[in-house]
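got a predicted structure here, sequence first:
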Amino acid sequence: MEGSGLVPLYYNPDPEIMKRVIESCYEGGSRIFEFTNRGDGAHRLFAELIKFTSQKFPDLILGVGTVLESVTAGVYIQLGSNFVISPILEEQTGQICNRRKVLWMPGCATFTEISNAEALGAEVIKVFPANLLGGPAFIKSITGPCPWIKLMPSGGVVPTLENLKPWFESGASCVGMGSNLITKEIIKTKDYGGLKNTVTDVLDIIKGVKKGSDQL
């Protein structure tokens, strides 16, 4: 997550669309992908994707997001999820992930929640919805006094230099990007080549921003 700076996230009930999206992100350079837990039987689709990626992209880190409680986390861990991301801070979910040594990323909206999440063993913390919490200024208010805290803003992150630069300059470790990256138009027109190119562009932008920040 820190190496590339980008966590693409998406859900579609159609297995073939999911496979094409994951494949396009992978070919664009991303080696991590968040499957968002939505819809009836989503875990069955995830099981199919785990088999698909383990055979075709063995170095891809595939995990699950939008996990609200520990039972669901346990199901996805059993299926092979490499990480579990929640939109909320829920202690029992953290406990089951920690017992299995699976990365747990709870969603937090205040400094107190972030501190509590770290005390519960969270190594990376999702800031959600980041754009409504004050944007990069909120990230900076946390990483300024506590630069060791690893934050992933998600919500309102856009695949442009103008948007991405402030997030990383404020101290974000990585960003989560869903509908602004994997747009409805891309899915409608099946423009998977365009998605691949966008992912490559985003990774290049982040790499350049990080390099510039290191030289400051």
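Yep, that arrived. Residues are numbered from 1 along each chain as shown.

the longest helix seen in the chain - contacts with which helices or strands?
Ranked by residue count and defined by DSSP state H, the top helix of the chain is helix 192-214. With contacts taken as 3 or more Cβ pairs under 8 Å, 6 or more residues apart in numbering; DSSP states H and E, helix 192-214 sits against strand 6-10, helix 15-27, helix 161-169, helix 184-189. Every C-beta, even on glycine, is put in place using the N, C-alpha and C of the backbone.

got the ones you listed as TSV, with mean neighbour count columns?
Supplementary listing: the helices and strands packed on helix 192-214 in TSV, determined by neighbours: other Cβ atoms under 10 Å:
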stretch	mean neighbour count
strand 6-10	24
helix 15-27	18
helix 161-169	18
helix 184-189	12
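
pLDDT-wise, which helix or strand of this structure ranks last?
helix 192-214 (a mean of 93; mean pLDDT, DSSP states H and E).

CA atoms only: put it into PDB for me.
C-alpha atoms of helix 192-214 as PDB (Å, rounded to 0.1, in the frame of the first residue of the first chain):
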ATOM      1  CA  TYR A 192     -10.800  -1.500 -19.800                       C
ATOM      2  CA  GLY A 193      -7.800  -0.200 -21.800                       C
ATOM      3  CA  GLY A 194      -8.700   3.300 -20.600                       C
ATOM      4  CA  LEU A 195      -8.800   2.000 -17.000                       C
ATOM      5  CA  LYS A 196      -5.400   0.400 -17.400                       C
ATOM      6  CA  ASN A 197      -4.000   3.700 -18.700                       C
ATOM      7  CA  THR A 198      -5.600   5.700 -15.900                       C
ATOM      8  CA  VAL A 199      -4.200   3.400 -13.200                       C
ATOM      9  CA  THR A 200      -0.700   3.800 -14.700                       C
ATOM     10  CA  ASP A 201      -1.100   7.600 -14.800                       C
ATOM     11  CA  VAL A 202      -2.200   7.700 -11.200                       C
ATOM     12  CA  LEU A 203       0.700   5.500 -10.000                       C
ATOM     13  CA  ASP A 204       3.100   7.700 -12.000                       C
ATOM     14  CA  ILE A 205       1.600  10.900 -10.400                       C
ATOM     15  CA  ILE A 206       1.900   9.400  -6.900                       C
ATOM     16  CA  LYS A 207       5.500   8.300  -7.500                       C
ATOM     17  CA  GLY A 208       6.400  11.800  -8.700                       C
ATOM     18  CA  VAL A 209       4.600  13.500  -5.700                       C
ATOM     19  CA  LYS A 210       6.300  11.200  -3.300                       C
ATOM     20  CA  LYS A 211       9.700  11.800  -4.800                       C
ATOM     21  CA  GLY A 212       9.200  15.500  -4.600                       C
ATOM     22  CA  SER A 213       8.100  15.300  -1.000                       C
ATOM     23  CA  ASP A 214      11.200  13.300  -0.100                       C
END
